[in-house]
Structure formats: structure tokens, C-alpha cells
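1. what's the 3D shape of this:
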Amino acid sequence: MTRKLPASVERWLPASVLALRGYKLDDFWADLLSGITVGLVAIPLAMAFGIASGVTPQAGLYTAVVAGGIISLLGGSRLQIGGPTGAFVVIVAGIVAKFGISGLALVTLMAGMMLAIMAVTGLGSAVKYIPRPVTIGFTNGIALLIASTQIKDFFGLRVEKAPSEFVSRMGALASHFSTLDPLTCGLAAVSLGIVLFWPRVTRRVPGSIVALLTGTLATALFHLNVDTIGSRFGGVPSGFPPFHLPDFHPEHIGPLLSSAFTVALLAAVESLLSAVVADGMSGDKHRSNVELLAQGVANMVTPLFGGIPATGAIARTATNIRSGARSPLSGVFHSLTLLFILLVAAPLARFVPLATLAAVLFVVAYNMGEWREIRTILGLSAADIAVWGATFALTVMADLTVAVEVGIVLAALLYIYRVSQTTTVAPVTEDYIRDGQMHILQDKQIPPYLIVLRIHGPFLFGTTEKLAEATESIATYPPIVALRLRNMTALDATGMHALEVFWERLHKSGRTLLLCGALNQPAELLERSEFIDKLGRQNVLPHIQAALDRAKEVMQDFGGVGSEMAQDFEKSKI
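-> As a prediction, the model looks like this:
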């Protein structure tokens, strides 16, 4: 009989330990194959992120090996893949330019300590207080900056050293555009085409890998006169990631403290967002504090092996799940695959053309940018648009640290304003009493095919997780779910996104969502959103009585299927 561990110990156990309970040989082979697949996907990305960050390509590979292994072994998400990501490219490049590699190592170490403190104290939950306009704003900005740093290598422009500031960089690139190299540009265009169109051929082999192999073979076999990793960096050294104590400068702690906080904040947001995506794809549930602790340990150890900041990588995590991964061991195999490449095939990296890596990063920048969200933001209130615009502009024109700080301050002020607007004073009239009758639940009969949920209070950033937590057992719900908004006093972009995610979960499960009783400000925001068209305007009702009538219509539309669904639900409760 297995002795059960105390709850205080159990809640800190890594997902890797929990996954080994009942682990089978079939699970091992599934994890091995998925780990090798993700490891191959990570090769071009790790090198590209290293180069774009102002360090060497091997720094990106070392990060994927060391941090990726630690995050999988110690993390709280069963299928999360860790490593270098685009979120850090801009801030890392700025730190390296001003403080060198030793400054970057110090920032990464301090950020790791902050993540560990967040985990142990439970402060990691504070990342949910970052509103969606701020998140979208700096994500858009980072994506644009990443793309701008790759223009030089994509077109083969002869620019000695492109300025770090966005406007100056774009001016310098424009003034030197006449130095465009047709061979480099052609190779980059072919690489970009492969990355974009290869998925139409097959999704089993990622387009980035095909582009990397094609570009490298073409450069090596035909001796193409283009910039490569070998010509710029001297290649990638073979062997294990070398252990080295960085030359820390204590006087840099103060000036770099805000940068370390930004890195920690970005790492926390990115890793937990990736873990949520993994949960949605796999049906699992991650543990935030355990995951953040693993992220902290990874970022404290990685600088000792010449690495850069690391976090959960959404694209690689999704690839891991789609490849059939079953446990965190797939992430370990992903790290071992990269280590094998370093030990055996590193000399071949000198032929990798920078134009191909630039093409890969262009696609990464587009995919991470969440550009479709801009239209949603523009449909919100002027205050939400202002918060997004300020964060985006400061990210691009000023500094990511400043952008995040200003965005959060603006969002906090907006939160206070919205909450203050929920207070009203008005006399009770006969019309108010008569209208209220349609909202009362006490005299209504709730049919077995309907469940009524309610949101009470402001549904703003920082509170939206409560909807996901309260609806974890969605599989037990009847065919129709009515969300009663009579007492939801305020709604913002983050709340709107949470409602849309909830609808998507219900829609995938074959259930119908009804919204009823929204007050003035939430009703106006819903009316302006594209979400209403997805939901169906016929499913947005003025009060609970109308929702009951609409639920009856929906079940009649289902016909016999609806009766069976209702009966099956009733049986499941017995």
C-alpha cells in the first residue's frame, strides 16, 4: 500500500514526479518521439532568438538545453516546453548593448530569484492583474521590434551596425536599402515561402526545419556568398554547455533591478499563459506556483552555462502536445535531442544562412503578435484603446520596462474609474419594480436542460479567472448554459476575452451559451464587440425570463436529440 504524502508536500511535487505514477512503456515511446520532434523544431528558433538577442546562436541552444530540461523536470505543467522565446529578445538586446553579457547574466539571475519568490509567496497569481490591453500592447510592440531587427539579414543590407532605437534603426535601414543583396533576398524569400506553405504538404515535419535544412544545404553545396553563422559568429562550438561563473558587478544591481523585474514579469505571464494553453489542449490542470518555481530555478541556473532568460514557449508546447506527448519526460527528451545536436552536428551550423533564420523569425513575430486582437481592442472604450496605444507606442519607441510600468499604472487608474462608475443612487419607482420582476429567479422554474450561472460584481482584469475556476466541471453541465449578468456591474477587455473563452469551451462541447440581464456599461461593450456575432444576437437576452424562453426554443430546435440530451443529463445526476 502506497503511503500518501502530506498535502503540504504533495502540492509542491513537480508534474514529472506525479506523471511517473503508473508510467508505462507506451508512454515512454510517445514521449521520446514527441521530444525528438520538439527538439528539432527548437533548433532554428533557439539559434534565431540567440542572434536576435544580441548574443551568440549557441547561447540560445544552451538555454533550450539547460532551462528546457529544468522546467520539464521541476515544473507544474505536465506538457510545458521551456526555452528562449521572442518575449525577451528586445529587452535582452538592450541589456547586452549597455551592460554586456555579465549584465545579462545578472538580470537573468535576479529575475530567477524574483520568480522563485513569487512562487513561494503565492504572488505569482498577481500576473492575472495585468489587463488584456497592456498584454496585447507590449506583445504587438515586441513582435514589431523583432521583425524590424531581421530586415537587415533578410535583405542582406550592408549596414555596419543598425541603431538600437526603432526609429533610428528604420531610418538607417531605409537609407541603406540600395545595398540589397539579390542572392540573400532570394534565399530569404524561398525560406519564408517554405515556412508558410510547407504545412499544406504535411504538418508532421515543421516548415522551419525544412527551411533550415534547405537553406543550409543550398549554402554549403553551392557555396552561396551569403552571411552565415560561420561568417559572423565563427560557427557553433561542439560539446556540453560550458559551466562558467559570470563576472558579476554589484554596482549594476540597482540600474538593472527594473529590467530584472520586467524579465520576471514577462516570464511569469508567458509561462502561465503557455500552461493554460497546454491545459486547454490536453485537458490537464497545471499548478501555477510549482511552474513559477521551476521557471525561477531555470533562470538562476542558465546564466552559469552561458544562457539567456527562458520561459514557457507556447508554440513548442503546442507542438509537443500535437506530437503525442504524455508526460514531462517529453520535455527532457527535447533537451537531450538538442544536446545531441550540440555534441554531434554543431560544426554543420556554420553553414546556416542568417537570411533563413530571419525568415523564421519573421513568421515567429507575426504569429506572436496577436494582430487580430487589435480590431477587438479598437471596438472597446476609448480608455481601453488609450491603454493599449500607450503600451504599444512605449514598447516600440521607448523601452519595454517603461511600457509595462506605464501600462499597468494606466490600467490601475482605469480600474478605479470603472469601479467608481458602478456606484449609483436613484429612487425606486414603479417601473423599476415592474422591470425587476422579469429578472427574479425565485418564481421561475429552471428546466433540467438548463443551468444558470451568475456573475456578481465587476468582471474586470484580476477577477476573470473566477469564471474558469467555477466552470472546471463543464462536462457535467446540461445542453444549455445561461450566464446571468444582472449583478455584473462592469466589464473590460479582459472580462470580454474570458467570456469568449468560456463560450469557445461550451461550443466545442456542443453546448449553447445564453447571456441575460446585462447592465448599461457591460451591455454597451458587448454590443460593440465581435463576440456577439459569434455567440449570436438571438442568444443575448434582456432578462432571465427571456433566457428561459430562448432555452425552450433551442431545445425544440434540437428536436429528439434535445430530449435525449436532457434525459442523459438527468440520468448522469442520479
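2. Do I have it right that residue 287 meets residue 17?
-> No - counting by C-beta atoms under 8 Å, residue 287 sits too far from residue 17 to count as a contact (11.9 Å). Where you see a C-beta, it was placed from the backbone N, CA and C, and this is true even at glycine.
3. who's more crowded, those two?
-> Shown here are residue 287 and residue 17; by other C-beta atoms under 10 Å, residue 287 has more neighbours (20 against 13).
4. So residue 513, which state does it fall into?
-> strand (DSSP: H, G, I helix; E, B strand; the rest coil).
5. Residue 239 falls within a helix, correct?
-> No - checked against three-state DSSP, residue 239 lies outside a helix; its state is coil.
6. what stretches of the stretch 101-250 of the chain score poorly on pLDDT?
-> 124-129 (pLDDT under 70).
7. For it, which segments are assigned as helices?
-> 132-149, 151-155, 166-175, 182-197, 207-222, 229-233 (DSSP state H, counting those that start in this stretch).
8. got the contact list for the fifth one?
-> The one in question is helix 207-222. Helix 207-222 has contacts (C-beta atoms under 8 Å, 6 or more residues apart in numbering) with 40-41, 43-45, 187, 190-192, 194-199, 224, 226, 228, 348, 351-353, 355-357, 359-360, 363.
9. Name all residues that make contact with residue 97.
-> Contacts of residue 97 by C-beta under 8 Å, 6+ apart are 54, 164.
10. Okay, and it sits in which element?
-> Assigned by DSSP states H and E, residue 97 falls within helix 89-121.
11. Report the buried residues of stretch 284-295.
-> 284, 286, 287, 288, 289, 290, 291, 292, 293, 294, 295 (16 or more other C-beta atoms under 10 Å).
12. my read: the fifth one touches residue 77, true?
-> No - Residue 289 is not in contact with residue 77 according to C-beta under 8 Å; the separation is 11.7 Å.
13. can I get the buried residues of stretch 284-295 in a markdown table with pLDDT?
-> A markdown table is the format used below for the buried residues of stretch 284-295 (pLDDT from 0 to 100):
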| residue | pLDDT |
| --- | --- |
| 284 | 82 |
| 286 | 84 |
| 287 | 87 |
| 288 | 87 |
| 289 | 90 |
| 290 | 92 |
| 291 | 93 |
| 292 | 94 |
| 293 | 94 |
| 294 | 95 |
| 295 | 95 |
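14. and of these, the nearest to residue 53?
-> Of all the buried residues of stretch 284-295, residue 53 sits closest to residue 295, with 17.8 Å by C-beta to C-beta.
15. looking at it, that closest one is touching residue 269, isn't it?
-> No - using C-beta under 8 Å as the test, residue 295 is too far from residue 269 to be in contact (10.9 Å).
16. Quick one: the helices of the stretch 101-250 of the chain as JSON lines, columns for mean neighbour count too.
-> Formatted as JSON lines, the helices of the stretch 101-250 of the chain follow (neighbours: other C-beta atoms under 10 Å):
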{"stretch": "helix 132-149", "mean neighbour count": "24"}
{"stretch": "helix 151-155", "mean neighbour count": "22"}
{"stretch": "helix 166-175", "mean neighbour count": "14"}
{"stretch": "helix 182-197", "mean neighbour count": "18"}
{"stretch": "helix 207-222", "mean neighbour count": "19"}
{"stretch": "helix 229-233", "mean neighbour count": "18"}
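17. So for residue 412, which of the ones you listed sits nearest?
-> With C-beta to C-beta as the criterion, residue 412 lies closest to helix 132-149 of the helices of the stretch 101-250 of the chain, at 10.2 Å.
18. give me the number of residues near the closest residue to residue 321 other than its chain neighbours?
-> In this structure, residue 321 finds its nearest non-sequential neighbour in residue 281, 4.7 Å apart by C-beta to C-beta, 6 or more residues apart in numbering. Residues near residue 281, counting by other C-beta under 10 Å, number 14.
19. which ones are touching residue 281?
-> If a contact means C-beta under 8 Å, 6+ apart, then residue 281 has 79, 318, 321, 322 as its contacts.
20. Mind putting those residues into CSV with pLDDT, neighbour count and secondary structure?
-> Converted to CSV, those look like this (pLDDT from 0 to 100; neighbours: other C-beta atoms under 10 Å; DSSP: H, G, I helix; E, B strand; the rest coil):
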residue, pLDDT, neighbour count, secondary structure
79, 91, 30, coil
318, 85, 17, helix
321, 89, 23, helix
322, 84, 14, helix
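21. out of the residues you listed, who's nearest residue 384?
-> Among the contacts of residue 281, and counting by C-beta to C-beta, the member closest to residue 384 is residue 318, at 28.3 Å.
22. separation between that closest one and residue 37?
-> Relative to residue 37, residue 318 is positioned 12 Å away (C-beta to C-beta, to the nearest Å).
23. can you check residue 295 too?
-> Using C-beta to C-beta, we find residue 295 at a distance of 23 Å from residue 37.
24. now residue 484
-> For residue 484, the distance to residue 37 equals 45 Å [C-beta to C-beta].
25. got it, and residue 181?
-> Distance from residue 181 to residue 37, by C-beta to C-beta: 34 Å.
26. thinking again about what came up before, more crowded one of residue 484 and residue 37?
-> residue 37 (25 against 22).
27. Leaving out chain neighbours, which residue sits closest to residue 133?
-> Using C-beta to C-beta, 6+ apart, the closest residue to residue 133 is residue 388 (3.9 Å).
28. picking up where we left off before, can I get the contacts of residue 281 in JSON lines including distance to residue 497?
-> Listed next are those as JSON lines, based on distance: C-beta to C-beta, whole Å:
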{"residue": "79", "distance to residue 497": "23"}
{"residue": "318", "distance to residue 497": "19"}
{"residue": "321", "distance to residue 497": "22"}
{"residue": "322", "distance to residue 497": "24"}
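29. ok, so of these, who is nearest residue 135?
-> For these, the minimum distance to residue 135 (C-beta to C-beta) is 18.6 Å, reached by residue 318.
30. residue contacts, that closest one?
-> Contacts of residue 318 were listed using C-beta under 8 Å, 6+ apart, and they are 277, 278, 281.
31. surely the first one meets residue 315?
-> So the one you mean is residue 277. No - in this structure residue 277 lies outside contact range of residue 315 using C-beta under 8 Å: 9.7 Å.
32. on that earlier part again, report the buried residues of the helix holding residue 97.
-> 89-96, 99-101, 103-116, 118-119.
33. relative to helix 132-149, how tilted is that helix?
-> Angle, helix 89-121 to helix 132-149, by axes from the mean of the first three to the mean of the last three C-alpha atoms, to 10 degrees: 140 degrees.
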